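> I'll drop the sequence and a predicted model, then ask my questions.
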Amino acid sequence: MSTDHEQREQDPAAHEQMMDSEAHVKRNPHPDFKSVEGSRPGWREQEGWTFTKTRDPNWKPGQGANDGGECLKHNHVDIDPYQDGRPATFNYKLLISAIIPRPIGFVSTRSKDGSSTNLAPFSYTQLINHDPPIFVIGYAGGFDHAKDSLKNLVDSGECVINIISEHFLEAANATSVNAPYGVSEWALTGLTPAPCKDVKASRVKESVFSVECKLMETKEFESRATPGKKTGVLAIVEGVRFWAREDAINEDRNILDPAVLRPVSRLGGITYGRVLEGVELPRPEWDELRKEAEPAGLAKPKADGQ
């Protein structure tokens, strides 16, 4: 499945240029992926949602990491993102392998005149506020080579963010194929368009949770390494209606069951993560925490380097 750096572009020539750039990234580390995949265990079905204890349920204030200090035995190297000779793709590959797991916004859009649609996954998607519900979507490239998704969003002012689950991961991945310009992503996936109430774009019916969104604003970014080159656009959208599958939402309609949602997260390269387990950690109350922190001398004034 592609991220925001892999979607087909509005202009056919730009589409070909984007595919050349994608090949340059060399995201797939396996010369023969099917052979590698064939050597792996089969898909493991897991019923329900499993809770485990934390690694150290007896952790105390001031104790630090839970690995007995093993992580402190390793040194770090510093990396200048603009070091001479360092390609921008190195920063891209590093960041998408480090800033994980990332939610995947499966964004559906429709042109203002209704003549075309787009369906594409973006791992530069995140919730940043709840009142109002605000989301951000990051698009690679500038407005001069706007992807179908971005162009539709700007022209229509609307989109739908669909959350990807295990049961349609392969279908969602199909939208990243290097098909000729103009080929419909919906048809390639076999997924089902469902009507919305407040936006004209369709939501993905297979998605357990979808959000109808209205565009608030955009911001274009310029390259530091190549001044003048536009490298990305940030879209800020407001959620105006939620769609939750009835067997996944509680009676109060305020909690979604992760055992039904079965979300898929984006890791680095061509890797994705399943969410099968959880741990619970109540937020500490100072009146309780201080009973251990103060006798141990841990209730200190803030100071640099302590």
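Thanks, I have it. Residues are numbered from 1 along each chain as shown.
> C-alpha only now, for contacts and for neighbours.
Noted.
> low pLDDT regions in the stretch 1-150 of the chain?
Low-confidence segments of the stretch 1-150 of the chain, defined by pLDDT under 70, are located at 1-25.
> where exactly do the helices run in it?
Secondary structure of the stretch 1-150 of the chain (DSSP state H, counting those that start in this stretch): helices located at 12-25, 33-38, 88-98, 148-156.
> swap in the stretch 151-300 of the chain?
With DSSP H, counting those that start in this stretch as the criterion, the stretch 151-300 of the chain has helices spanning 169-173, 185-189, 258-261, 286-293.
> now tabulate those in JSON lines and tack on mean neighbour count, distance to I100 and mean pLDDT.
Listed next are the helices of the stretch 151-300 of the chain as JSON lines, based on neighbours: other CA atoms under 10 Å; distance: least, CA to CA, whole Å; pLDDT from 0 to 100:
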{"stretch": "helix 169-173", "mean neighbour count": "17", "distance to I100": "18", "mean pLDDT": "96"}
{"stretch": "helix 185-189", "mean neighbour count": "17", "distance to I100": "26", "mean pLDDT": "94"}
{"stretch": "helix 258-261", "mean neighbour count": "18", "distance to I100": "18", "mean pLDDT": "94"}
{"stretch": "helix 286-293", "mean neighbour count": "12", "distance to I100": "30", "mean pLDDT": "94"}
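> tell me which of these lies nearest to S210.
With CA to CA as the measure, helix 258-261 is the member of these nearest S210 (11.3 Å).
> who touches S97 in this structure?
Contact analysis of S97 by CA atoms under 8 Å, 6 or more residues apart in numbering lists 267-269.
> how about the strands in this protein?
Listed in chain order, the strands of the chain (DSSP state E) span residues 50-51, 105-110, 117-122, 125-130, 133-140, 158-163, 193-194, 203-204, 209-222, 230-244, 264-266, 272-274, 277-278.
> can you list the helices of the stretch 151-300 of the chain in TSV and add distance to G68?
Written out in TSV, the entries for the helices of the stretch 151-300 of the chain read as follows (distance: least, CA to CA, whole Å):
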stretch	distance to G68
helix 169-173	38
helix 185-189	47
helix 258-261	32
helix 286-293	20
